[in-house]
Structure formats: C-alpha cells, structure tokens
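*Asks:* Just the structure for this:
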Amino acid sequence: MISQNTVALVLTAASCLLVAACQAERTPESLYGPDAAGELVLDGLLIVGRPLPPVFVTQTVAAGDSGSPRHAMVSDAIVELRQGDRVFRYARDPDAGPFQYSPPADPPVVAPATTYVIEVASKGRTARATTVTPGPVRVREAVILDQRTEAVLRRLKTFADLSDGVFLAPENRVVFKAGFLEARFDPIDVPGYQVGIVSLDRGADEVARELSEDSPERTGSSPAIESTEGSVRLPWFAIYFTGRHLMRIYAVDRNWFDYVRSGPEAQEGWFGGLAGENFRRPFFHVEGGIGLFGSASVDSLGFVIVEEP
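*Replies:* I've put the predicted structure just below:
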C-alpha cells in the first residue's frame, strides 16, 4: 500500500479542465501488482525553494494485514539523499510518526534544475529513485474573463504586487461563478502541471450550490494537465466556500506527472482522471520498490470568493 502521506501531499499540489474518466472498481492487487508483502514504499516530494522535506518509508503488507500500521513500519532503514557530491543522511523520527524519516538539522532549500537521488536500504532491500527539479514557475498575471466573449474584464493583483495584501485588494474579490478566473504564467520545460485549490478561512460559509452528501473539502487537486500556452482556469466546481482562497500552480517533474495521471487517487477521486485513460497500475519510477519520489516548483494566486458583487 502507499502511505496516506503520499495522497495528502499530492492533493495539496493541485483546474480541472479535463473530463473525468469512468473507472471500474479495482483491487489493490490490480493497482500495485501481485500481493507480495515486504516491498519498500517511498513517499517524498521536493518543492523548489523550500527546505528538504521529510521522507516517509513503509513496506507493502499482505491484504489481511492492511489494518495494522506496525506491519508497514520500516524502523531500520538507511535513507540517503544525494545532490551531486553532497549526501544528506535522514534519520527516523518516531516523534513525528511511525513512518517519517527527517533530514539533518537546518536542511538546505531545494534548488531548481538539479538532480536529486534518494536511496533507501533495509534488510537486504534497496529502493532508489531520481528526480530532476523543474525551474521556477511564476504567475505573471491573473484575469477575470467574460463568460460569453472571454474578453478581459479586470486584472487581479498577484503576490508579487501586494504580498498578503492581495486578500484586501478590491480587484481580488471574485464573485462565485461570475466569469472565468484565469491564471497566466510563462510555460517552462516540464511534462505538465497540477493545480490545487485551498480554502483558508475555516469559519467561512458554504457557497450556494448543490452539494453532494459528502462533506465539502477545503483542498482539492486536479489530474496532471498539460498547459503549453501557460494558462489555467479556476474550476468553479472545486469551490465550496466563501472567503480567502489559494490557487496553487505546480510545475511537476516526470515522476510526479506520471504518478498523478496514473494513480488511483487521480482516476477515482472527486476531481477525476483523464478521459479514456485506464492504467492497470500507477507509474512509480522507483527502482526496487514503489511509491512517489518527485519534485515541483510552485507559485500561487490569492483571491476572495464572494456571492454578491
């Protein structure tokens, strides 16, 4: 099994511009291969400009043991992250959870356009993965478009303009479902992008819309998308609350892109997967194991959702 940390991290990374795929219910065996216990599972995502993050190490367990976290624990792993000639030794951090391995104190920030290699060894098993971090991505501008003509009605302020003041700017008051909110950025050389929507105000009211029986989520992610023209639009159906929101645009590496478009969370989650895709199992890009070790650069747009002009 893949740890819940992978799912949570990917879901924070994340416009649903694509049609959801209809997926038949599948078993863990069909997703992750034969039910063989003891396969190493890696879970780590590097974000350009942020300190080296923790890495989560688990192991696959037999189907009957899936409810016992201790069977998935790998307590004796040697975890090393390499950046050129530099080697960072990770240590298990039981205070942070049974599966977390933390970097050394005062870890450096993740560099752009740089190769990182992780290697995990435990009881004769070795798992290895490589990521090349993307270059920086930057939201150049954000606009509200007319729904009929797609003409620009106004421009929003970005964090580069006002920092956290964007949430006080009248230009950044966005009326729910009035026009299209489009973020524009200069495309960089990456396989694709993912867009995340985050509601920041815990006490905010729900917007007037038909809700499913499930509780509305405050975070959501898209499937992996290609954006050769450098623009993405806010998916209105991802908005459930009034108040402050972040729209995060992640430029992702090959590992992240392939996992997101082929994993069960992407294909069966509430954002849906890519139309017509039906992968037998996710693409892991991990030698000697499974999981996700990838990287991304990110920029954000801040705005306030209101229901009346």
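*Asks:* pLDDT weak spots in this structure?
*Replies:* 1-36, 63-71, 209-228, 263-280 (pLDDT under 70).
*Asks:* longest strand in it, by residue count?
*Replies:* Counting residues, the longest strand found in the chain (DSSP state E) is strand 289-306.
*Asks:* Would you map the strands across the stretch 201-309 of the chain?
*Replies:* 219-221, 231-233, 243-252, 289-306 (DSSP state E, counting those that start in this stretch).
*Asks:* for the stretch 51-200 of the chain, same thing?
*Replies:* So, for the stretch 51-200 of the chain - with DSSP E, counting those that start in this stretch - the strands run 55-59, 78-83, 86-92, 100-102, 115-122, 125-132, 139-145, 152-156, 173-175, 180-185, 192-199.
*Asks:* May I see those arranged in JSON lines, with mean neighbour count and distance to residue 72 as well?
*Replies:* (C-beta placed from N, C-alpha, C; glycine too.) Output for the strands of the stretch 51-200 of the chain, formatted as JSON lines (neighbours: other C-beta atoms under 10 Å; distance: least, C-beta to C-beta, whole Å):
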{"stretch": "strand 55-59", "mean neighbour count": "25", "distance to residue 72": "4"}
{"stretch": "strand 78-83", "mean neighbour count": "18", "distance to residue 72": "16"}
{"stretch": "strand 86-92", "mean neighbour count": "14", "distance to residue 72": "14"}
{"stretch": "strand 100-102", "mean neighbour count": "19", "distance to residue 72": "13"}
{"stretch": "strand 115-122", "mean neighbour count": "19", "distance to residue 72": "12"}
{"stretch": "strand 125-132", "mean neighbour count": "19", "distance to residue 72": "14"}
{"stretch": "strand 139-145", "mean neighbour count": "19", "distance to residue 72": "38"}
{"stretch": "strand 152-156", "mean neighbour count": "15", "distance to residue 72": "44"}
{"stretch": "strand 173-175", "mean neighbour count": "16", "distance to residue 72": "42"}
{"stretch": "strand 180-185", "mean neighbour count": "20", "distance to residue 72": "38"}
{"stretch": "strand 192-199", "mean neighbour count": "24", "distance to residue 72": "26"}
